[in-house]
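A.B. asks: Let's see this in three dimensions:
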Amino acid sequence: MLRSIIATAVLILGAALAGSTAAVAQGLVPCAPEHGFCRVPYPTRVVYGIPGHQVARDVPGGGIPCSNRAFGDPAPGIPKRCAYIARSAREDFEPPFPHRPVRWRETEYGGPAWRTCADENGFCGFRGGKRVRYGAHGRYAEGFYRGGVGCNNGTFGDPVPGVPKHCQVLD
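C.D. replies: Predicted structure coming up:
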C-alpha cells in the first residue's frame, strides 16, 4: 500500500514538473499582459506573444510597452503577454547586448509602422507574409497576405463607403 502511495506521489510530481510552461523552462519571467507595461530590472530580452507565436526585442533596462505597437502582432486576434529572460545565477552571465545599449525613444520602440503601398484599385506588392490594411481616415479592414494583394473593395470590403481609400502594409 505504501509503495502505491509513493508511486502515485512520484507520478503526480513528475507530471506537474513535466507540465511546466515553456516560459519556466526557458527562464522567462512574466511581466505584463497585452496593453500593459513590462518593467525589467536589468538589460534583457522581452518576449511578446503566445507559445509558438512570439517576437522578442532587446530592452536596455527600464521596460517596454507590452503591445502590438511595440512588437508587431505575432498572433492576430489572440490576447498576448510579455515575459523577460531571467538572468543566469552563474557569475559569467553575458547580457543579450553585443553593443552598448541606447536609450529608447518613441520611434525606436514604436515597433513596425504602417507604410502606404497602393491607392484604391491598385496593387500592394511585397515579399513574404505581411499584414495589410485598406481604408481611410482611421477606418480600416485588415488581413494577412503573402506576396501582395489587390487594394480594392472586392478584397477587403468597403470600410469607408464613398471615400477614396488606400492600402498600407505593416513593415
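A.B. asks: What is the least confident helix or strand in this protein?
C.D. replies: Ranked by mean pLDDT, DSSP states H and E, the weakest helix or strand in the chain is helix 22-25, scoring a mean of 40.
A.B. asks: what number of residues lie near residue 115?
C.D. replies: Residue 115 has 13 neighbours, counted by other Cβ atoms under 10 Å. Every residue, glycine included, has its C-beta placed from N, CA and C.
A.B. asks: Quick check: pLDDT value at it.
C.D. replies: Note on residue 115: pLDDT of 90.
A.B. asks: same check, this time on residue 98
C.D. replies: 45.
A.B. asks: Over to residue 152?
C.D. replies: pLDDT, residue 152: 92.
A.B. asks: Wait, it touches residue 118, no?
C.D. replies: No. Residue 152 is beyond contact range of residue 118, at 9.4 Å (criterion: Cβ atoms under 8 Å).
A.B. asks: Tell me where the model's unsure across the chain.
C.D. replies: The chain contains residues with pLDDT under 70 at 1-26, 88-111.
A.B. asks: Who does the host helix or strand of residue 147 pair with, and is each partner parallel or antiparallel?
C.D. replies: Residue 147 is part of strand 139-151 when elements are defined by DSSP states H and E. Strand 139-151 sits in its sheet next to strand 122-136 (antiparallel), going by DSSP bridges.
A.B. asks: Would you mind listing the buried residues in the strand it pairs with?
C.D. replies: Buried residues in strand 122-136, defined by neighbour count with 16 or more other Cβ atoms under 10 Å: 124, 126, 130, 131, 132, 133, 134, 135.
A.B. asks: of those residues, closest to residue 81?
C.D. replies: Nearest to residue 81 among the buried residues of strand 122-136 is residue 131, at 20.1 Å by Cβ to Cβ.
A.B. asks: Dig out what the closest one forms beta bridges with.
C.D. replies: Beta-bridge partners, per DSSP bridges, of residue 131: residue 144.
A.B. asks: Quick check: it touching residue 74?
C.D. replies: No. Taking contacts as Cβ under 8 Å, residue 131 lies outside contact range of residue 74: 10.7 Å.
A.B. asks: So residue 152 and residue 118 - more neighbours on which side?
C.D. replies: Shown here are residue 152 and residue 118; by other Cβ under 10 Å, residue 118 has more neighbours (21 against 17).
A.B. asks: and that one, what element?
C.D. replies: Judged by DSSP H and E, residue 118 forms part of strand 114-119.
A.B. asks: Could you do residue 75 as well?
C.D. replies: Using DSSP H and E, no helix or strand contains residue 75.
A.B. asks: show me what contacts it?
C.D. replies: Residues in contact with residue 75, defined by Cβ atoms under 8 Å, 6 or more residues apart in numbering, are 49, 50, 53, 54.
A.B. asks: Since that was my last question, I'll sign off now.
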